[in-house]
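Trainee: Give me a 3D structure for the following:
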Amino acid sequence: MESDFPDETAAAVTVSDLLHEIHGMLASAWPADIWVLGEFSNVRSYPSGHFYMTLKDEDGEVSCVLFKGDAARLRQPPAEGVAVAVRARPELYAKKGQMQLIIREIRIQGQGRLHEEYLRRKEELRRHGWFDEARKQPIPRVPRGIGVVASAEGAVWKDIRTTLAQRFANIPVKLYRAPAQGEGAAAKIGAQIARADADPACEVILVCRGGGSFEDLWAYSEASVVKAIHASATPVIAGIGHDSDESLADHVADLRAATPTAAAVAATAVTRAELLDACAGLRERLGKGARGCVAAQADRLNRQGNELRHAVRETVSDVQMRLDRLEYELDKGVAERLAQAGARLRELGHGLGAAVRRLLDRLRGL
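Mentor: Prediction:
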């Protein structure tokens, strides 16, 4: 059945046609490179040598690309929070339907207001000694409990839990939920750090969030967060953003990790497997030492036993010789006494016989 109404989709264009038309309009409006003023944010570099970033002012922002060849001609690479004038060509990135600037040249105009405030605070804290290595606390090698101050949403908390479970599943881990950014985020983050510090079950605190622009990470440079980390009696590891990101919390923390996952690794310097291997090694060393000690003591006892038996034999021999000598002397003394007694008896017998004979002779003469 034919419709009584005209088909309004008959003149529809495809997405590709629409984007191609808009691309042509941009090329017509700006046939050559133009200079654009703004402030760099969310600067990201890649192994390819390309840079991707956002150029923004108070009322808007636009994505930018700086390809490797143009980047090689710069005196210094793009930096977060820097006010610049860029010579660029506007174009439409068709795959995402997004306008972007292809940057050819960069001229530094100065630091952005937020970045200037960051540098001012950083210098003030440095003068007060809040970054000094001497005040930083050591991280326990095997903490009894770990507190994590992070958002429950997103990949950060999941990555930390996975990493800790793989490295040392027996350590209790507690999440202290806090927003990563937004209105009032800094106050809530600071309050949760203080809560974790007051918890006797926590021996180390991880303060973490994923990567983002300089503005996204600003909560971690606010006074409430920095003061809470500085006041914490519990060691704090900061794993905020990526290695290229920076916040004041990174500098005040007892240890700075490149990423939240790296913070979880740093909190478990010794894994459960490594600890078990170390215990097994100690047990083997202890057993070997005990066996060696027993063997040494057995050798010592054997030597002492041999020495004692030798000494006993010598003593017994000496005693036997003395007994033999005494027995000989005794036998000799007895024999001499008996001989003397016999001689005496014989003398007495001879004297008695002579007396008897004289008596008999006298009796015969009567």
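Trainee: can we go C-alpha only for contacts and neighbour counts from here?
Mentor: Will do.
Trainee: and the lengthiest helix in the chain, how far out from the chain's middle?
Mentor: In the chain, taking DSSP state H as the definition, the longest helix is helix 272-365. Mean-position distance between helix 272-365 and its chain equals 71 Å (CA atoms, centre = their mean, to the nearest Å).
Trainee: so what does that helix touch, helix or strand wise?
Mentor: Using 3 or more CA pairs under 8 Å, 6 or more residues apart in numbering; DSSP states H and E, the elements in contact with helix 272-365 are helix 155-168.
Trainee: so after the helix it packs on, what's the next helix or strand?
Mentor: strand 173-177 (DSSP states H and E).
Trainee: and that following strand with helix 155-168, angle?
Mentor: Interaxial angle of strand 173-177 relative to helix 155-168 (axes from the mean of the first three to the mean of the last three CA atoms, to 10 degrees): 170 degrees.
Trainee: if I've got this straight, Arg149 is in a strand?
Mentor: Just so we're on the same page, residue 149 is Val rather than Arg. Yes. Counting by DSSP: H, G, I helix; E, B strand; the rest coil, one finds Val149 located in a strand.
Trainee: what about it, distance to His251?
Mentor: In this view, Val149 and His251 are 17 Å apart by CA to CA, to the nearest Å.
Trainee: These two: which is more packed in?
Mentor: Legend: neighbour count by other CA atoms under 10 Å for Val149 and His251, higher for Val149 (28 against 20).
Trainee: looking at the sheet around the more buried one, what are its partners?
Mentor: Per DSSP bridges, the residues bridged to Val149 are Tyr176, Val207.
Trainee: Quick one: residues contacting it.
Mentor: By CA atoms under 8 Å, 6 or more residues apart in numbering, the residues touching Val149 are 175-178, 189, 192-193, 196, 205-208.
Trainee: Export these to JSON lines and append columns for neighbour count and distance to Ala71.
Mentor: Formatted as JSON lines, the contacts of Val149 follow (neighbours: other CA atoms under 10 Å; distance: CA to CA, whole Å):
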{"residue": "Leu175", "neighbour count": "18", "distance to Ala71": "42"}
{"residue": "Tyr176", "neighbour count": "20", "distance to Ala71": "42"}
{"residue": "Arg177", "neighbour count": "17", "distance to Ala71": "40"}
{"residue": "Ala178", "neighbour count": "24", "distance to Ala71": "38"}
{"residue": "Ile189", "neighbour count": "27", "distance to Ala71": "38"}
{"residue": "Gln192", "neighbour count": "23", "distance to Ala71": "42"}
{"residue": "Ile193", "neighbour count": "30", "distance to Ala71": "41"}
{"residue": "Ala196", "neighbour count": "24", "distance to Ala71": "44"}
{"residue": "Ile205", "neighbour count": "31", "distance to Ala71": "39"}
{"residue": "Leu206", "neighbour count": "30", "distance to Ala71": "36"}
{"residue": "Val207", "neighbour count": "29", "distance to Ala71": "34"}
{"residue": "Cys208", "neighbour count": "27", "distance to Ala71": "32"}
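Trainee: out of the residues you listed, who's nearest Phe214?
Mentor: Comparing the contacts of Val149 against Phe214 with CA to CA places Cys208 closest, at 15.1 Å.
Trainee: hang on, isn't the closest one packed against Lys158?
Mentor: No. Assessed by CA atoms under 8 Å, Cys208 is found out of contact with Lys158, at 11.7 Å.
Trainee: host element of Ile22?
Mentor: Take DSSP H and E as the rule and Ile22 turns out to sit in helix 15-29.
Trainee: which element follows that helix toward the C-terminus?
Mentor: Using DSSP H and E, the helix or strand that directly follows helix 15-29 along the chain is strand 34-45.
Trainee: Pull out the buried positions in that next one.
Mentor: 36-44 (16 or more other CA atoms under 10 Å).
Trainee: which residues touch the helix holding Ile22?
Mentor: Residues outside helix 15-29 that contact it (CA under 8 Å, 6+ apart) are 90-92, 94, 97.
Trainee: Which of the residues you listed ranks first by neighbour count?
Mentor: Neighbour-wise, these (other CA under 10 Å) top out at Pro90, 22 neighbours.
Trainee: Which secondary structure state does the nearest residue to it once chain neighbours are set aside sit in?
Mentor: Residue nearest to Pro90 in three dimensions, not counting chain neighbours: Leu101, with 4.6 Å by CA to CA, 6 or more residues apart in numbering. Here Leu101 is strand, with the state taken from three-state DSSP.
Trainee: wouldn't Leu101 be in contact with Tyr93 here?
Mentor: No. Using CA under 8 Å, Leu101 makes no contact with Tyr93, being 9.5 Å away.
Trainee: and the helix holding Ile22, C-alpha only, in PDB?
Mentor: What follows is helix 15-29, C-alpha atoms only, in PDB (Å, rounded to 0.1, in the frame of the first residue of the first chain):
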ATOM      1  CA  VAL A  15      27.300   9.500   7.700                       C
ATOM      2  CA  SER A  16      30.400   9.400   5.500                       C
ATOM      3  CA  ASP A  17      28.800  11.900   3.000                       C
ATOM      4  CA  LEU A  18      27.900  14.200   5.900                       C
ATOM      5  CA  LEU A  19      31.400  14.100   7.400                       C
ATOM      6  CA  HIS A  20      32.900  14.600   3.900                       C
ATOM      7  CA  GLU A  21      30.800  17.700   3.400                       C
ATOM      8  CA  ILE A  22      31.700  19.100   6.800                       C
ATOM      9  CA  HIS A  23      35.400  18.400   6.000                       C
ATOM     10  CA  GLY A  24      35.000  20.400   2.800                       C
ATOM     11  CA  MET A  25      33.400  23.300   4.600                       C
ATOM     12  CA  LEU A  26      36.300  23.400   7.100                       C
ATOM     13  CA  ALA A  27      38.800  23.300   4.300                       C
ATOM     14  CA  SER A  28      36.900  26.200   2.600                       C
ATOM     15  CA  ALA A  29      36.700  28.200   5.800                       C
END
